[in-house]
Structure formats: structure tokens, C-alpha cells
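Undergrad: Starting from these lines, generate the structure:
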Amino acid sequence: MPKLDKILETLDPKHVNSDFRLWLTSYPSDKFPEQTKTALFVVKIEQREDHKRGSSRAEDLRISAKQLLMFIDESPDAIQFKAINYLTGECNYGGRVTEKQDRKLLMNLLLQYYCPAALQEGFAFSPEHPEFTIPKLGSHEEMLDAIKQLPLVVPPGIYGFHENANLTREQNETYTLMENLLLTVGQASGGGGISMEDAIREVAEDILRRTPPAWDVEKVQLQYPTIYEESMNTVLLQELARFNNLTEVIIASLKDIQKAVQGIVLMSDDLEQVFKSIFIGKTPAMWLANSYPSLKPLGSYTNDLIERLKFFQAWVENGIPIIFWLSGIYFPQAFTTGTSQNFARKYTIPIDTLTYDYEMPEDWDCCCYCCCCCCCHFWQLATVRCTCAQLRPGEFFVTVRVL
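TA: Got it, this is the predicted structure:
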């Protein structure tokens with residue numbers, strides 16, 4: 001086996017027959033060279049990259065390619081595009097897609113490639129990338145030369161994705177890399193720098209200082225009683241209870257961290273995880289287990305939490321707001337349900353017959369008295385420039401005006 005491994009290392013692709021293949025199979029053995037085994041997984045790595053771009057499994061891709069070749073071989077002059085689209089979209093891939101709109105998107109993507117126009121000379125898979133076009137029909141060698149001239153890095157537009165698809169993947173890989181690097185940071189203090197315990201203590205003191213005290217829900221309930229005509233009172237009381245639970249967990253864990261640093265209490269496993277998370281600037285898992293969904297790091301999460309608490313404090317002091325911060329609500333489903341209940345009870349309409357319609361009026365003072373205005377929405381896959389439009393390259397989230 002070492003001799004075989006050496007032969008593989010000396011192989012020159014320029015002088016090896018293009019039909020040469022090496023098939024190896026073996027029981028688990030320490031004598032099998034690792035380099036030889038890893039060389040066999042190149043194809044699987046490429047398929048994994050394709051998986052991130054939409055293919056469910058490598059098997060789906062393989063059977064779809066075989067079926068396409070079968071239809072081409074059986075009737076090259078009259079290819080059954082309708083049958084190919086159905087088999088690939090509805091059977092091979094569609095069986096794993098349960099959302100109706102996702103299936104529609106899948107079929108529309110396939111129609112861009114499985115169509116008679118794809119057989120015509122000069123057909124471009126993406127208008128933004130004219131280098132990926134169907135070459136002029138020629139000999140086998142000319143077709144291979146045309147394929148070799150294609151760029152090694154295929155832009156996501158060729159697959160029907162937005163240009164941000166590559167940026168999103170690379171960003172996720174960078175996040176993973178940085179998280180792993182942070183785990184390697186030593187916990188011992190340097191020569192003249194601030195110690196780890198002092199840094200944690202400062203962060204804990206800052207968060208405790210900025211976090212307001214819990215609401216007295218029973219007292220607020222006297223001001224906003226649960227009544228049939230106004231479901232927003234119930235929404236407010238439920239939100240205050242949820243945020244009280246969250247802030248209690250945060251305050252209790254930070255105080256325990258301070259005591260543990262001073263040696264007053266023992267450092268439990270949960271406290272140790274909070275301790276490490278704060279040190280690397282990550283939101284502790286203990287907080288997220290009692291929190292609204294969030295992907296923010298510790299600093300941004302804390303700032304966002306404080307803003308949410310200020311919003312509900314203004315609600316308590318000033319009454320039901322005219323414009324709601326929908327993304328700042330802990331459980332938005334309760335808010336949308338309460339809005340539907342208010343409308344249904346006011347106009348005596350069955351609530352199950354109501355649907356939401358969204359508008360962005362220019363004049364907010366002219367909002368209809370029967371509507372609900374919400375602000376601070378974020379769109380991830382589109383933007384608003386007078387009408388719904390595509391995101392610009394490098395633009396991931398867009399703040400939407402009041403709805």
C-alpha cells in the first residue's frame with residue numbers, strides 16, 4: 001500500500017489517460033494510507049458544495065442526471081421536456097419539498113434549464129454572465145475546449161440564486177472559523193493586561209446597571225384590565241410576564257457570576273458556560289433558552305433587549321401605541337391574533353374569515369382607523385424601491401417603512 005500511495009503521488013494528470021480510474025475497497029485498516037483514502041472523496045466534497053446550493057441529496061442529483069441522459073439517448077430529436085421536468089421537479093426533488101410555494105419555485109427554476117431554448121447556440125444560463133453560454137456545435141475536442149475555458153468559480157446566478165448566495169455561505173464559514181478561534185483564547189491573564197475575571201465583572205456590572213427592574217404585572221393589570229373590547233391589554237400583560245422571566249434569568253445569572261468570581265458561591269456548569277460566553281462576547285445559551293429568537297452577539301443582544309424594554313415601558317406609561325414595533329415583541333403571534341380579535345369583535349365578523357393585507361402609505365396621518373400600523377420590519381430576500389425589488393449585491397437586510 002505505501003508503494004501504491006507513492007505511485008499516486010507521482011501521477012501527472014497531463015500524461016495520464018483520461019479514462020483512467022482507480023477503484024479501491026478495504027476493511028478498516030491502519031495500513032491503508034490516509035492520503036489515498038482522502039483522495040477518493042474529492043467528488044463527494046464537490047457534491048456537498050452543490051448541496052448547499054439547493055440540491056437535497058447527492059442521490060437526487062445522480063438519478064436526475066441519469067434520467068436526463070436516458071431521455072436524450074432514446075429520442076434525441078424530440079426530447080420530452082415536460083416529462084423530464086416532472087420527474088426531476090415533482091418526483092426526485094419535489095418529494096422532499098412540502099411547501100407549495102417552494103415547489104412552485106423549484107419547477108420555475110427547472111424550466112429555465114430544461115427547455116428547448118437550452119439546446120440553441122448562444123443560449124445564456126444567466127444574462128449577467130454571458131461567458132456561460134451554449135457553444136457552437138463542433139467536434140468532441142472543440143466542445144471539450146469550450147468547457148475548459150469556463151471559469152473555475154461558478155457564480156450563484158448560473159444556478160438561479162442571488163449574487164448574495166456566495167456571500168452568505170462565506171459569511172457563515174467565517175462566523176464558524178471565528179467562533180472556533182475564540183474557543184482557543186487562553187483563560188489566563190497576560191502580564192500587564194486586565195484579567196479575565198475583571199473583564200467579566202465589568203460586563204456584568206454594565207448589564208445589571210442598564211437592565212430596568214421587573215414590572216409589577218398585577219399593578220399593570222389594574223391599569224389595563226382584560227376586557228372583551230380590547231385584546232391588546234392581554235397581549236401587553238403576557239409580554240410583560242415573558243420579559244420579566246427573561247430579565248430575572250439574566251440578572252440572577254450575572255449576580256451569581258459576580259459571587260463566583262469573588263469565591264462566594266461555587267461555579268456550576270451552567271454558570272461556567274455563561275462565564276465563557278460573556279468572555280468571548282456570545283449571548284449565553286441560558287439566556288437564549290428563556291428568550292425570544294435572536295442571533296445577535298452579546299453586545300447587540302443587550303442593546304436590543306434594552307430597547308424592547310423601553311418600548312413596553314412607554315406602552316405602560318402612555319397607553320396603547322399608535323405604531324407598534326412588531327419585531328420587538330417577544331411573541332408576535334399573540335399580537336397578530338389580538339389584532340384580528342379586535343377587528344372581528346368590533347365589526348362582528350368571524351375571525352377565521354379574516355386575512356391580512358399590507359400597505360405602505362406615504363402619509364401616516366391618514367391611516368385608516370381600522371388598520372394597525374407596525375414599524376421596524378426587516379426584509380431578507382427583497383427590498384423596497386417604490387415597488388418590490390431585488391436586493392443589491394452585498395445587501396442582506398433592508399428596513400421596511402411602517403406597514
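Undergrad: buried residues in the helix ranked longest in the chain?
TA: Taking DSSP state H as the criterion, the chain has its longest helix at helix 232-262. Buried residues in helix 232-262, defined by neighbour count with 16 or more other Cβ atoms under 10 Å: 232-240, 242-243, 246-247, 249-251, 253-254, 256-258, 260-261. (Each C-beta comes from the backbone N, C-alpha and C, glycine too.)
Undergrad: same thing with stretch 284-303?
TA: Within stretch 284-303, the residues that count as buried by 16+ other Cβ under 10 Å are P284, M286, W287, L288, S291, Y292, L298, Y301, T302.
Undergrad: same check, this time on stretch 94-101
TA: By 16+ other Cβ under 10 Å, the buried positions in stretch 94-101 come out as G94, V97.
Undergrad: got the end-to-end distance for it?
TA: 11 Å (Cα to Cα, to the nearest Å).
Undergrad: what sits up against it?
TA: With contact meaning Cβ atoms under 8 Å, 6 or more residues apart in numbering, stretch 94-101 is reached by S56, D60, R103, L106, M107.
Undergrad: Need those residues in a markdown table (columns: secondary structure).
TA: Shown next, in a markdown table, are the contacts of stretch 94-101 (DSSP: H, G, I helix; E, B strand; the rest coil):
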| residue | secondary structure |
| --- | --- |
| S56 | coil |
| D60 | helix |
| R103 | helix |
| L106 | helix |
| M107 | helix |
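Undergrad: which one among those residues gets closest to F397?
TA: Using Cβ to Cβ, L106 comes nearest to F397 of the contacts of stretch 94-101, at 25.0 Å.
Undergrad: re the thing from before, return the member of the buried residues of stretch 284-303 nearest to E205.
TA: Of all the buried residues of stretch 284-303, T302 has the smallest distance to E205: 12.6 Å, by Cβ to Cβ.
Undergrad: per-residue pLDDT, the closest one?
TA: Looking at T302, its pLDDT stands at 97.
Undergrad: ditto for the one 3 residues further on
TA: Reading off the per-residue confidence, L305 sits at a pLDDT of 97.
Undergrad: Give me the neighbour count for it.
TA: A count of nearby residues for L305, using other Cβ atoms under 10 Å, gives 24.
Undergrad: hang on, it is in a helix, isn't it?
TA: Yes: according to three-state DSSP, L305 belongs to a helix.
Undergrad: for it, what are its contacts?
TA: By Cβ under 8 Å, 6+ apart, the contact set of L305 is T211, L246.
Undergrad: do you know how far it is from P332?
TA: Counting by Cβ to Cβ, to the nearest Å, the gap from L305 to P332 is 16 Å.
Undergrad: same deal with D145?
TA: Distance from D145 to P332, by Cβ to Cβ: 56 Å.
Undergrad: thinking again about what came up before, can I get the buried residues of stretch 284-303 in JSON lines including secondary structure and distance to I323?
TA: Listed next are the buried residues of stretch 284-303 as JSON lines, based on DSSP: H, G, I helix; E, B strand; the rest coil; distance: Cβ to Cβ, whole Å:
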{"residue": "P284", "secondary structure": "coil", "distance to I323": "32"}
{"residue": "M286", "secondary structure": "helix", "distance to I323": "33"}
{"residue": "W287", "secondary structure": "helix", "distance to I323": "28"}
{"residue": "L288", "secondary structure": "helix", "distance to I323": "28"}
{"residue": "S291", "secondary structure": "coil", "distance to I323": "24"}
{"residue": "Y292", "secondary structure": "coil", "distance to I323": "20"}
{"residue": "L298", "secondary structure": "helix", "distance to I323": "29"}
{"residue": "Y301", "secondary structure": "helix", "distance to I323": "24"}
{"residue": "T302", "secondary structure": "helix", "distance to I323": "24"}
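Undergrad: Of those residues, which is the nearest to W315?
TA: Y292 (16.4 Å).
Undergrad: and that closest one, what is it in contact with?
TA: L246, Y330, F331.
Undergrad: all strands for this structure, in order.
TA: 323-325, 373-375, 377-379, 383-385, 387-389, 398-400 (DSSP state E).
Undergrad: and R392, how far is that from E163?
TA: 9 Å.
Undergrad: What is the longest helix of the chain packed up against?
TA: helix 196-210, helix 217-223, helix 269-279, helix 285-288, helix 298-318, helix 332-347 (3 or more Cβ pairs under 8 Å, 6 or more residues apart in numbering; DSSP states H and E).
Undergrad: Which among those is found nearest to I7?
TA: helix 269-279 (48.5 Å).
Undergrad: residues making contact with the closest one?
TA: Applying Cβ under 8 Å, 6+ apart, the set of residues contacting helix 269-279 from outside is 185, 187, 196, 199-200, 203-204, 253, 256-257, 260, 267, 283-287, 298.
Undergrad: relative to helix 196-210, how tilted is that helix?
TA: Going by axes from the mean of the first three to the mean of the last three Cα atoms, to 10 degrees, helix 269-279 is angled at 90 degrees with respect to helix 196-210.
Undergrad: distance between helix 269-279 and the chain's centre?
TA: Distance of helix 269-279 from the chain centroid (Cα atoms, centre = their mean, to the nearest Å) equals 26 Å.
Undergrad: what do you get for stretch 3-10?
TA: Mean-position distance between stretch 3-10 and its chain equals 43 Å (Cα atoms, centre = their mean).
Undergrad: Please put the alpha-carbon coordinates of that stretch into CSV.
TA: Below are the C-alpha coordinates for stretch 3-10, written out as CSV (Å, rounded to 0.1, in the frame of the first residue of the first chain):
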residue,chain,number,x,y,z
LYS,A,3,4.1,1.8,-2.8
LEU,A,4,0.7,2.4,-4.3
ASP,A,5,0.5,5.7,-2.4
LYS,A,6,3.8,6.8,-3.8
ILE,A,7,2.7,5.9,-7.4
LEU,A,8,-0.4,8.0,-6.9
GLU,A,9,1.6,11.0,-5.8
THR,A,10,3.8,10.8,-8.9
